[in-house]
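>>> what's the 3D shape of this:
(2 chains)
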Amino acid sequence: MSRDATEPGRGLSRRGFLFGGAAAGAGAAVALGVDRALASEPRATLDATGLNGARTVDFHGAHQAGIATPIASHATYVALDLHGDTDRDALRRMMRVLSDDAARLMAGTGALADTEPELATVPAALTVTFGFGPEAVRRGGGDAAAPAWLGPLPAFDIDALEDRWSGGDVLLLVSADDAVTVAHAVRMLLKDSRSFASVRWRQDGFRRAYGSEVSGTTMRNLFGQVDGTTNPEPGTSAFDDVVWTSDPGWLAGGTSLVLRRIRLDLDVWDEVDPVARSFAVGRRISDGAPLTGTREADEPNFEATTAAGNTVISPVAHIARSRPVDPREVIFRRGYNYDVPPTGDAVSESGLLFASFQADVDAQFTPIQRRLAEGDLLNTWTTPIGSAVFAIPPGCQAGGYVGQTLLD
Amino acid sequence: MTTVRTPARLTALAAIAALSLAACASDSNAETSADAATSGEITITDPWVKTAESGMTAAFGTLVNGTDEAVTLVAAETPASSMNELHETLSDASGGMSMSEKEGGFEIAAGESLVLEPGGNHIMLMDVAEPIEAGDEVEFTLTFADDSTFEFTADAKDYTGAQESYAPEHDMDMEMDMDASPEATADEHAGHDH
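Below you'll find the model as predicted:
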């Protein structure tokens, strides 16, 4: 039997279900905030609950899956360009078909007319999340339906954006703890998209495999940097405020996604010694603790000074520049690594699929990105090469489909 | 599982639940067999129809006889096609597979199911006039030997299988043959060319 990874897991960190009984025994406090304080001393426990591949996440709900649900090991982002003749009615038909596919696949059954239903029987906490770019929203609901923030981000000096990683009319985000499951789901969804749209780009990302470390451990990017420490915790009211759109209208209960493909220049990063790496980030590379603290969860002290009178954390360190100036400037990140074949003499072509969810891109994301573009020591080794913004519609109930609030 | 449960018996023209694609998708397939013998109704699981611009296509699904008597499916109708047939696919003398109209229809014993699937038994739409597009909902009415009927709605899906290639000299829109041996199947459909 499959177990539902969202009920009661919705709101629990990944540790919640890898720890299984341990989390339950510690009570709800573990899930709701004390969590982060425990991050530096997690107790690893074998997941003895059964086959990990049997875990399912419910497709239906107030919000789409794949945002607040536990993050999986593999993710594939696909952007589609709508065909010229894909009008509102066609968009509706497309979203009905794709929603049905997603619901069935996430439940661990083949999609309707699935040619390889056998591959669907290991859902491995599969989630499918849909997003709309500006053109899809315009075709679905007219110009007035598009939120002000839906469109390309402002140009930043640090950007070296390539079309092949940028933009798109419709987003498919497929993630699971099993790469075979992802491959099958992506192919099924793309087969059913073919009449309506073509693939613009596809970006594959990975994190630690399920069970390789204690769930809920902050990920390390391929710089080795602990990345995502200050993320709001799903299941908290703070998370809800940061992520879900409360404006009335078709996007209520939805959110926005900013996806940035950030190239990490590992060959040059290699030249940087550990002290300088930590200085650039403002946290120790070794354990993620701020340079003014001892544990990852410690609050950085940006005022603390050295004997020489300089701040311990450089004013242009990454964490100094990315911290909110206005309290609204908080985002929820779900990053993945990428590592693809290099060209030329390079031995690697790697980076980060930086993904952040927030209710309002302009108010929450852009000010942070602007500060980082103006000054961040990490910019020496990082280059944004792709950028896309999508509106993420709310979830749907059984019998409905994602996008219904825009298209019906 | 996309199942239309009609409140009526076979003798009544069942009201159609307007089927939504995502409606019952999270239900377990296991339900089919559990319900089959006891529902007292004819139901269909996961009905779908292959999209088509025009001409021929086919509809599929698992028809479940939940009544306590055998029934015989003798005809299928849909507004999407003016002519429809019940087909079976069998191995033929040439060693390939070919399809032909099922003489006398399909008998379904009490509690049993009739699987309509690509490469097997199917409802053949012979004359699609308006395009059947992905995501369309296509209505069907099945008629049984006792003149009772059963209605359901099938979701249209793109599908590149269920290709019935006819002999090369035949019309390209005669595309619904499952066959490994094109020549062998042409005769069965000679009368359907259009």
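>>> which element is A:Val78 on?
Assigned by DSSP states H and E, A:Val78 falls within strand A:74-82.
>>> partners of that strand in the sheet?
Using DSSP bridges, the strands paired with strand A:74-82 are strand A:170-176 (antiparallel), strand A:197-206 (antiparallel).
>>> quick one: whatever residue of the stretch 251-400 of chain A ends up closest to chain B and B:Ile42, what's the gap?
Using CB to the nearest CB, A:Gly399 is the residue of the stretch 251-400 of chain A that sits closest to chain B, at 4.5 Å. C-beta: built from backbone N, CA, C; applies to glycine. As judged by CB to CB, to the nearest Å, A:Gly399 and B:Ile42 stand 22 Å apart.
>>> Which one of those two is surrounded by more residues?
B:Ile42 (27 against 15; other CB atoms under 10 Å in any protein chain shown).
>>> Run through the bridge partners of the more buried one.
Beta-bridge partners recorded for B:Ile42 (DSSP bridges): B:Asn65.
>>> cool, and A:Phe130?
According to DSSP bridges, beta-bridge pairing links A:Phe130 with A:Leu172.
>>> coming back round to it: following the strand holding A:Val78, which helix or strand shows up next?
The helix or strand immediately downstream of strand A:74-82 is helix A:88-106, counting by DSSP H and E.
>>> Phi first, then psi, for the nearest residue to A:Asp362 once chain neighbours are set aside.
The shortest distance from A:Asp362 to any residue that is not its chain neighbour, by CB to CB, 6 or more residues apart in numbering or on different chains, is 4.4 Å, and that residue is A:Trp149. Backbone torsions of A:Trp149, given as degrees, to the nearest 10, read phi -80, psi -10.
>>> where exactly do the helices run in the chain?
Using chain A. Listed from the start of the chain, chain A has helices (DSSP state H) covering A:14-19, A:21-26, A:28-31, A:34-37, A:88-106, A:134-141, A:179-193, A:237-243, A:266-269, A:274-281, A:318-322, A:366-374, A:404-407.
>>> wait, I meant chain B there
Secondary structure of chain B, counting by DSSP H: helices at B:30-36, B:182-186.
>>> which one of the ones you listed has the lowest average pLDDT?
Among these, helix B:182-186 has the lowest mean pLDDT, at a mean of 36.
>>> picking that back up, can you state the direction angle for the strand holding A:Val78 and helix A:134-141?
The directions of strand A:74-82 and helix A:134-141 differ by 60 degrees, with axes from the mean of the first three to the mean of the last three CA atoms, to 10 degrees as the criterion.
>>> which of the strands paired with strand A:74-82 is buried the deepest?
Per residue and on average, the most neighbours among these fall to strand A:170-176, with a mean of 27 (mean count of other CB atoms under 10 Å in any protein chain shown).
>>> between that one and helix A:179-193, how big is the angle?
Using the same axes, to 10 degrees: strand A:170-176 against helix A:179-193 is 160 degrees.
>>> Just the residues contacting strand A:170-176, thanks.
Outside of strand A:170-176, the residues within contact range by CB atoms under 8 Å, 6 or more residues apart in numbering or on different chains are A:66, A:71-80, A:82, A:94, A:98, A:123-133, A:136, A:182, A:185-186, A:189-190, A:193, A:197, A:257, A:259, A:388, A:390, A:392.
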